[in-house]
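*Asks:* got a predicted model here, sequence first, then my questions.
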Amino acid sequence: MKKLMLLGDEALAQGVVDAGCSGVFAYPGTPSTEVMEYIQKCPEALQRDIHRTWSSNEKTAVEEAVGMSYTGKRTMSCMKHVGLNVAADPFMNSAFVGANGGHIVTVADDPSMHSSQNEQDSRFYAKFAMIPCLEPSNQQECYDMAFHAYELSEKYHLPVMMRLETRLSHSRSGVQRREMLAENELKLPEDRNQFMLLPAFARRKYKHLIEIQPDLTEESENSPYNWVEEGKDSSLGIIACGLAYNYVKEATTRYNCEYPILKISQYPIPVKMIEKFVDDCEKILVVEEGQPLVEEMLKGAIPKNTKITGRLNGAFTRDGEMDPNKVAVALGKETLSGKGLPEVVTGRPPALCVGCPHIDSYKSLNEALKSYVEDGQRYVFSDIGCYTLGFLPPYNSINTCLDMGASITMAKGAADAGLFPAIAVIGDSTFSHSGMTGLLDCIYDKTNLVIIILDNSTTGMTGGQDYTGFGKLEAICSGMGVEKEHIRVITPLSRQFEENVQVLKEEIEYEGVSVIIPRRECVQTMTRRMRAKKKQEAK
Ligand code: SF4
């Protein structure tokens, strides 16, 4: 099979397709987006017509993947780390119902928060759910581990988490492919109660999950992805997890450090392997990307007189990405820093694109609110997407951003407390993701608020993906109970400014639930669409 140059996300995507996956369910979110995007274009996925459209959110994605697994087919759900919070309910329960056809839950973490509202380590979720977790250290492992994950998943009838990080997801390397496997035949679970979580069954399943933990640990002891590299200088032993293994190798090679290294890429942690490794070393340095999961576990698992260093005692900072410099400093060496970054790649604060429709929406909103608020007073609850950049000058239009869908519910809570006017700003894709249930709360309580659904006809921030509510916003709002005359569609253009301000004021004055939909296509997707059209016409 030929070698491909692939991003970590793409290597995993090609891996699941080649390992016989029948369907991928995902919601876009950096750094995981490219997994689904690759599968949507992958010739083998097209040829097999595997399921590859976006889901409304991460929760529905996991539930849909569990449904496909029920039929005996191999499947994958995929999201970024904060998306796993949205999917936490089905994710935790999927460990109980297990898998029939193999189920991989891919979660891409974003240490250093390059494009995220928090920094969290998904390995904790895998440990919490008591399922195996694979943490590839390079693109080849991303690919190979897809095969391994499905075997493990089907052997133990459990979902398996694949944890990636930004640096791996978005860097490219050569990947050797294997022969493609056939998809599984449709085959329902032998135990017809396997996917039934009535308390009586759930208790039994929980016991079973606990009972198989030693087997999962044994799998990690014998995993081809966990290994020890001997070293002559046992004054220090380095435990390097997943991607951090590369940083350790770069630093130790540079300084000719001959410390033994234990690489961990399969969890639960291989306890016997660690015990032996620790016995043979005077001190231990734990290098892991994310939070100190392994370090914390070691502190409870090995002799008290063994000195363990890592993120907990200040050898590394508790936050931010790992890199070879940090490892070098922890080893007592000079940093590996080379020349500084050239000016062209530094200091580029995020900003709305020139011509972005949100700019006109925010200008109108700012103007409309002038009659209600004094300068500096805060009333606009926002959400996650390009429009979050409306917080920045010169717009200064929004005041909060908590999580996907929270603009509507936060504005409702504030309105319930008596705040007037209460304004929620949410994107069209985000509304489909998790804004709809908040709207239902508002309708039920006849809350006095204005919800602005910024409709740019795409999921803009992650690069212009489709979303499930496209073309249906008015119908959804109306169907959910918003009065038709208070669903107002406006066009966010400067020539419509006065008219749009007037609509906003009218709906602020209306006592009840109003929905205003400023509708104009994202300039990025529009440009791409026009280019593609021209290309097509030129043929
Ligand atoms: S990508 Fe689209 S929606 Fe996002 S800032 Fe640019 S124009 Fe606006």
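*Replies:* Okay, I see it. Because the structure is a prediction, the values reported are computed rather than measured.

*Asks:* so what's Q140 closest to, chain neighbours aside?
*Replies:* V175 (5.5 Å; C-beta to C-beta, 6 or more residues apart in numbering). Using the backbone N, CA and C atoms, a C-beta is placed for each residue, glycine as well.

*Asks:* what about that neighbour, neighbour count?
*Replies:* Neighbourhood size, V175 [other C-beta atoms under 10 Å]: 25.

*Asks:* I figured it hits M1, correct?
*Replies:* No: with contacts counted by C-beta atoms under 8 Å, V175 stays clear of M1, the gap being 10.0 Å.

*Asks:* how about the residue nearest to Q140, secondary structure?
*Replies:* Secondary structure, DSSP: H, G, I helix; E, B strand; the rest coil: V175 is strand.

*Asks:* tell me the buried residues in stretch 257-268?
*Replies:* Buried residues in stretch 257-268, counting neighbours by 16 or more other C-beta atoms under 10 Å, are found at C257, Y259, P260, I261, L262, K263, I264, S265, Q266, Y267, P268.

*Asks:* then stretch 91-108?
*Replies:* 91, 93-108.

*Asks:* mind checking how far stretch 526-539 is from the chain centre?
*Replies:* Taking C-alpha atoms, centre = their mean, to the nearest Å, one finds stretch 526-539 lying 31 Å from the centre of the chain it belongs to.

*Asks:* contacts for that stretch?
*Replies:* G464, E521 (C-beta atoms under 8 Å, 6 or more residues apart in numbering).

*Asks:* can it be said to contact the ligand?
*Replies:* No: judged by C-beta under 6 Å from any ligand atom, stretch 526-539 and the ligand are separated, with a smallest distance of 8.4 Å.

*Asks:* I'd like the average pLDDT over that stretch.
*Replies:* Stretch 526-539 shows a mean pLDDT of 90.

*Asks:* circling back to that earlier point, identify the bridge partners of the residue nearest to Q140.
*Replies:* Beta bridges link V175 to L4, judged by DSSP bridges.

*Asks:* what about T71, neighbour count?
*Replies:* T71: 17 neighbours (other C-beta under 10 Å).

*Asks:* distance of it from P189?
*Replies:* Separation of T71 from P189 (C-beta to C-beta, to the nearest Å) stands at 9 Å.

*Asks:* next: L262.
*Replies:* 38 Å.

*Asks:* equivalent analysis for L6, please.
*Replies:* For L6, the distance to P189 - C-beta to C-beta - is 34 Å.

*Asks:* these two: which has the busier surroundings?
*Replies:* When L6 and P189 are compared for neighbours, L6 comes out ahead with 24 against 19, by other C-beta under 10 Å.

*Asks:* can you confirm the more buried one is in a strand?
*Replies:* Yes: applying three-state DSSP, one finds L6 inside a strand.

*Asks:* my guess is it meets L168, correct?
*Replies:* No: checked against C-beta under 8 Å, the pair L6 and L168 is beyond contact range at 11.3 Å.

*Asks:* what's the overlap in contacts for the two?
*Replies:* Residues touching both L6 and L168 (C-beta under 8 Å, 6+ apart): Q139.

*Asks:* show me what contacts G405?
*Replies:* D383, I426, T430, H433, S434, G435, T437, G438.

*Asks:* mind redoing it with 10 Å?
*Replies:* Listed by C-beta atoms under 10 Å, 6 or more residues apart in numbering, the contact set of G405 reads 57, 86, 383-384, 424, 426, 430-439.

*Asks:* which residue, neighbours along the chain excluded, lies closest to it?
*Replies:* G405's closest residue in space is S434 (C-beta to C-beta, 6+ apart), at 3.1 Å.

*Asks:* what count of nearby residues applies to the one you found?
*Replies:* Neighbour count for S434, taken as other C-beta under 10 Å: 24.

*Asks:* any idea how far apart the tips of stretch 114-126 sit?
*Replies:* Using C-alpha to C-alpha, to the nearest Å, the end-to-end distance of stretch 114-126 comes to 23 Å.

*Asks:* name the residues of that stretch that are buried.
*Replies:* For stretch 114-126, by 16+ other C-beta under 10 Å, it's S116, E119, Q120, D121, S122, R123, Y125, A126.

*Asks:* next one: stretch 415-433
*Replies:* Across stretch 415-433, burial judged by 16+ other C-beta under 10 Å covers 415, 419, 421-433.

*Asks:* circling back: lowest-confidence entry in the buried residues of stretch 114-126?
*Replies:* The pLDDT minimum for these sits at S116, where the score is 89.

*Asks:* how far away from the center of its chain is the helix or strand hosting G15?
*Replies:* Using DSSP states H and E, G15 sits in helix 8-18. Helix 8-18 has its C-alpha centroid displaced from the chain centroid by 16 Å (C-alpha atoms, centre = their mean).

*Asks:* the inter-axis angle of that helix versus strand 3-7?
*Replies:* 130 degrees (axes from the mean of the first three to the mean of the last three C-alpha atoms, to 10 degrees).

*Asks:* and after helix 8-18, which helix or strand comes next?
*Replies:* strand 21-26.

*Asks:* hang on, the earlier thing: joint contacts of T71 and P189?
*Replies:* Common contacts of T71 and P189 (C-beta under 10 Å, 6+ apart): N100, G101.

*Asks:* what sits against the residue nearest to G405?
*Replies:* Counting by C-beta under 10 Å, 6+ apart, S434 has contacts 27, 56-60, 86, 383-384, 403-406, 408-409, 426.

*Asks:* doesn't it fall inside a helix?
*Replies:* Yes: counting by three-state DSSP, S434 is part of a helix.

*Asks:* report pLDDT for it.
*Replies:* Confidence for S434, expressed as pLDDT, is 96.

*Asks:* what about F470, neighbour count?
*Replies:* Neighbours of F470 under the rule other C-beta under 10 Å: 14.

*Asks:* and the residue nearest to G405, how close does it get to the ligand?
*Replies:* Here the criterion is C-beta to the nearest ligand atom, to the nearest Å. By it, S434 lies 19 Å from the ligand.

*Asks:* ok, V175 next?
*Replies:* Going from V175 to the ligand by C-beta to the nearest ligand atom gives 30 Å.

*Asks:* ok, that residue touching M145?
*Replies:* No: taking contacts as C-beta atoms under 10 Å, V175 lies outside contact range of M145: 11.7 Å.

*Asks:* list residues touching both of those two?
*Replies:* Common contacts of V175 and M145 (C-beta under 10 Å, 6+ apart): A11, L12, G15.

*Asks:* ok, the second one touching L168?
*Replies:* Yes: at 9.4 Å, L12 counts as touching L168 under the criterion of C-beta under 10 Å.

*Asks:* okay, now the nearest residue to I104 once chain neighbours are set aside: neighbour count?
*Replies:* Using C-beta to C-beta, 6+ apart and skipping residues adjacent in sequence, the residue nearest I104 is M76, 4.4 Å away. Using other C-beta under 10 Å, M76 is surrounded by 35 other residues.
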